[in-house]
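Novice: With the input below, show me the fold.
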Amino acid sequence: MASAAIGLWVGVGGRHEPAALGGISHFIEHMVFKGTRRRTAAAISQAVEGIGGYLNAFTDEEHTCFYARAAAVHWPRLLDVLVDMLLHPRLDPADIDREREVILEEWSMYRDQPSELVHDLLNAAQFPRHPLGRPVIGTPATLRRIQRPDFESYMRSHYTAGALVIAAAGNVRHDDVVQAASRLVRRFRPGPRMGFHPWTRPACGPRVRVLTRPTEQANIGLGLRAASRNDPRRHALRLLNAILAENMSSRLFQVVREQHGLTYNIHSALTCWADVGDIVISAGLDTRDLEKTLRLVVREIDRLMQRPPGKAELQRARDYVLGQFDLSLESTENHMMWLGEQWLGHDSLTPPGRIRDQIAAVTAAQVRAAAADFLGPRNRTLALVSPRSSDRGLGRILAG
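Specialist: This next block holds a predicted model:
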């Protein structure tokens with residue numbers, strides 16, 4: 001490879017936050033780009049972009065990742081910049097106030113997009129009164145409350161050596177990265193990775209949550225409570241998700257779009273956290289077609305619960321999942337992402353070949369069993385953003 005990607009992963013995200021500080025992990029992600037003791041905000045970007053690279057970050061429910069990619073010869077500079085950002089953020093009060101307004105605009109942007117808003121509505125319905133049900137970005141109330149002492153206290157307790165993973169991929173030598181990192185990371189505060197409030201409540205669906213908006217379409221998010229990332233059934237769920245709605249060959253795409261023409265796109269995504277997971281089916285459609293579409297979706301879900309997929313369909317799903325897995329490891333950035341997620345998520349690294357073998361070993365009976373375990377009515381939650389003001393009849397459709 002001509003490039004190298006470096007990522008500093010911290011085992012902290014939205015679900016680690018107290019309710020009063022919702023969004024602080026994402027806020028910190030923004031603030032570390034605003035300058036350090038050594039570099040201004042402009043100098044941070046110039047240090048990486050000036051060598052033809054790029055710099056970015058993201059925050060999710062369980063992780064925050066700061067990463068950069070450039071020509072492989074420049075990897076020491078990438079590591080130095082990233083460590084400087086995390087160790088010495090300036091956290092100037094004026095910068096905090098300006099960036100607060102930026103994030104509030106980001107929040108408003110998502111609120112104006114029904115396809116995004118419906119997922120926040122779904123999370124709140126699936127995980128009520130729990131950090132997984134809160135938006136990672138926070139809310140206007142919490143964002144306005146957060147001040148510099150909150151950042152400093154939160155970073156002292158959560159941005160510790162025990163929560164940190166450094167991942168590198170590309171044309172680099174492991175020993176060289178370890179040697180360079182050892183000089184830098186000893187300055188991180190010692191301490192363990194902080195825990196979080198686990199999700200332990202049983203499913204009690206079907207549930208329906210409706211938000212009335214004057215939109216052109218009805219945007220739906222149908223959540224199906226699923227397994228954690230350590231559950232052995234997760235591989236069967238990956239194939240199930242591919243069969244259900246992950247691509248254009250899937251059952252729901254073929255039935256809802258191709259056969260009935262009810263939506264431009266219908267898609268499903270599997271997410272697995274430390275203690276729970278979900279499959280979310282998303283679509284935008286005419287409000288008048290809502291009941292018909294939901295009946296078709298529930299029919300296909302029930303069919304997966306009742307009968308195992310055929311040999312050819314299972315093989316197509318397996319080949320798709322394995323192909324996507326291989327493609328995801330082609331770029332240095334994606335490979336670095338996979339390394340960081342493996343270490344933070346599992347505290348170990350499973351060789352790609354073993355993961356391929358585990359996926360290849362999934363049987364049709366295991367896919368049907370996973371469907372029976374996770375796709376039943378009790379695990380179903382529907383969120384709807386549309387001009388419709390009532391959920392009348394929708395719960396009965398979800399119940400099958």
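Novice: Mind splitting the chain into its structural domains?
Specialist: The chain resolves into domains spanning 3-185, 207-399 when parsed by automatic domain parsing.
Novice: Asn56 and Tyr67 touch, don't they?
Specialist: Yes - taking Cβ atoms under 8 Å as the definition, Asn56 is a contact partner of Tyr67 at 6.1 Å. From N, CA and C alone the C-beta is placed, and that goes for glycine too.
Novice: higher neighbour count, those two?
Specialist: Tyr67 (21 against 14; other Cβ atoms under 10 Å).
Novice: wait, isn't Ser282 in contact with Ile220?
Specialist: Yes - between Ser282 and Ile220 a contact is recorded at 7.0 Å, counting by Cβ under 8 Å.
Novice: Need the overlap of contacts for those two.
Specialist: Val118 (Cβ atoms under 8 Å, 6 or more residues apart in numbering).
Novice: List the contacts of Leu224.
Specialist: Leu224 sits next to 278-281, 301, 374-375, 379-381 when contact means Cβ under 8 Å, 6+ apart.
Novice: what about it, which helix or strand?
Specialist: Assessed by DSSP states H and E, Leu224 sits inside strand 218-226.
Novice: For that strand, give the mean pLDDT please.
Specialist: For strand 218-226, mean pLDDT rounds to 97.
Novice: Direction included, what does that strand pair against?
Specialist: When pairing is defined by DSSP bridges, strand 218-226 lines up against strand 277-285 (antiparallel), strand 380-386 (antiparallel).
Novice: Output the ones you listed in a markdown table, with mean pLDDT and distance to Leu239 appended to each entry.
Specialist: Shown next, in a markdown table, are those (pLDDT from 0 to 100; distance: least, Cβ to Cβ, whole Å):
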| stretch | mean pLDDT | distance to Leu239 |
| --- | --- | --- |
| strand 277-285 | 98 | 12 |
| strand 380-386 | 97 | 20 |
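Novice: who touches stretch 354-362?
Specialist: Against stretch 354-362 from outside (Cβ under 8 Å, 6+ apart): 235-236, 238-239, 318, 321-322, 325.
Novice: So for stretch 171-180, mean pLDDT?
Specialist: On average, stretch 171-180 scores 96.
Novice: got it, and stretch 287-304?
Specialist: Mean per-residue pLDDT for stretch 287-304: 97.
Novice: Kindly report the same for stretch 149-157.
Specialist: Averaging pLDDT along stretch 149-157 gives 97.
Novice: Just the buried residues of it, please?
Specialist: 150-151, 154-155 (16 or more other Cβ atoms under 10 Å).
Novice: coming back round to it: closest one to Thr200 among the domains of the chain?
Specialist: Across the domains of the chain, Thr200 has its closest neighbour in domain 207-399 (7.8 Å, Cβ to Cβ).
Novice: tell me the most buried of the strands paired with strand 218-226?
Specialist: strand 380-386 (a mean of 26; mean count of other Cβ atoms under 10 Å).
Novice: Find out how far it is from the centre of the chain, if you would.
Specialist: Relative to its parent chain, strand 380-386 has a centroid offset of 19 Å by Cα atoms, centre = their mean, to the nearest Å.
Novice: want to try TSV for the domains of the chain, with distance to Thr200 as columns?
Specialist: Shown next, in TSV, are these (distance: least, Cβ to Cβ, whole Å):
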stretch	distance to Thr200
domain 3-185	10
domain 207-399	8
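Novice: Which strand residues bridge Arg209?
Specialist: Ala383.
Novice: right, and it touches Leu384 too?
Specialist: Yes - using Cβ under 8 Å, Arg209 makes contact with Leu384 at a distance of 7.1 Å.
Novice: So for those two, which residues contact both of them?
Specialist: Residues touching both Arg209 and Leu384 (Cβ under 8 Å, 6+ apart): 121, 391.
Novice: so Thr215 touches Asp286, yeah?
Specialist: No - assessed by Cβ under 8 Å, Thr215 is found out of contact with Asp286, at 10.9 Å.
Novice: what about the two, which has more around it?
Specialist: Neighbour count, other Cβ under 10 Å: between Thr215 and Asp286, Thr215 has more, with 17 against 14.
Novice: what are the C-alpha coordinates of stretch 42-51, in PDB please?
Specialist: This file holds the C-alpha atoms of stretch 42-51, laid out as PDB (Å, rounded to 0.1, in the frame of the first residue of the first chain):
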ATOM      1  CA  ALA A  42      -5.300  25.800  11.400                       C
ATOM      2  CA  ALA A  43      -2.000  24.200  12.200                       C
ATOM      3  CA  ILE A  44      -3.700  20.900  13.100                       C
ATOM      4  CA  SER A  45      -5.300  20.600   9.700                       C
ATOM      5  CA  GLN A  46      -2.300  22.000   7.800                       C
ATOM      6  CA  ALA A  47       0.000  19.400   9.500                       C
ATOM      7  CA  VAL A  48      -2.000  16.600   7.800                       C
ATOM      8  CA  GLU A  49      -3.500  18.200   4.700                       C
ATOM      9  CA  GLY A  50      -0.200  19.800   3.900                       C
ATOM     10  CA  ILE A  51       1.300  16.400   3.200                       C
END
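Novice: what does it contact?
Specialist: Residues from elsewhere that reach stretch 42-51, judged by Cβ under 8 Å, 6+ apart: 33, 35-36, 39, 54-55, 68, 70-71, 74, 77-78, 81, 85.
Novice: buried set for that stretch?
Specialist: Buried, per 16+ other Cβ under 10 Å, within stretch 42-51: 44, 47-48.
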